[in-house]
Structures are given as C-alpha cells and as structure tokens.
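Provide a 3D model corresponding to the input given below.
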Amino acid sequence: MEPHGSYGTTWADQWDTGPDPYTTEPRKTGAGGSKAKYSKKVEDGVGKTKSGAITGMKKAKEGATAGLNWIKQKYNKTTKK
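Down below sits the predicted model:
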C-alpha cells in the first residue's frame, strides 16, 4: 500500500528537480571478443586450480594415513610389553 500523494514515485523523483547523475543508456561494447578471451583464461585457471586441489588432497590423505599407521604401531608396541 503506497502512502497518499506519492503516486508511485521515489523521494528523489518527488523532490529532486535536477538531472540524473548517471546515464541509463547501455554501454556500447565491441564484438564481445574480450569476454570470450577472458572466459577461456578463467576456465583454464579453474582447471589448474582443481587439479592442484585434487593432488593436494591426495597427498594429505596419504600423509594422514601414514601418520595414523605410525601412531597405531607405537601404541601396539607399548601395549604388548
């Protein structure tokens, strides 16, 4: 429900008589080649990041497994005495 007397306009539309500071016309762009170029670079970067993350997780898993096995061996040695 709109307040009385606003007629669906904003405060600026009611009280500001000056021109808008920003134009509302869409910007003219080139043929779109730069977007395609940067999209390709981003895709390449994401692929590299993904492969790096997978490799890092594999190394972390192997390290954690080795660490837990070492702890198990130390525990078994102390309990068998």
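
now do the SS call for Thr9.
coil (DSSP: H, G, I helix; E, B strand; the rest coil).

which residues of this protein fall in strands?
Counting by DSSP state E, the chain has no strands at all.

residue ranges of the helices in it, please?
For the chain, helices defined by DSSP state H occupy the ranges 11-15, 33-79.

got the ones you listed as JSON lines, with mean pLDDT and mean neighbour count columns?
Placement of C-beta: from N, CA and C, glycine included. Shown next, in JSON lines, are these (pLDDT from 0 to 100; neighbours: other C-beta atoms under 10 Å):
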{"stretch": "helix 11-15", "mean pLDDT": "72", "mean neighbour count": "9"}
{"stretch": "helix 33-79", "mean pLDDT": "88", "mean neighbour count": "10"}
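
measure the spatially most central residue of the chain to Ile54 for me?
Residue closest to the average C-alpha location in the chain (C-alpha atoms, centre = their mean): Val46, at 11.1 Å. Using C-beta to C-beta, to the nearest Å, Val46 is found at 13 Å from Ile54.

check Glu62 too.
13 Å.

which residues are in contact with each of the two?
By C-beta atoms under 8 Å, 6 or more residues apart in numbering, Glu62 and Ile54 have no common neighbours.

how many other residues sit next to Pro19?
Pro19 has 7 neighbours, counted by other C-beta atoms under 10 Å.

could I get the pLDDT score of it?
We have a pLDDT of 72 for Pro19.

then Tyr22?
Confidence score, pLDDT, at Tyr22: 69.

what of Gly8?
Reported pLDDT for Gly8: 64.
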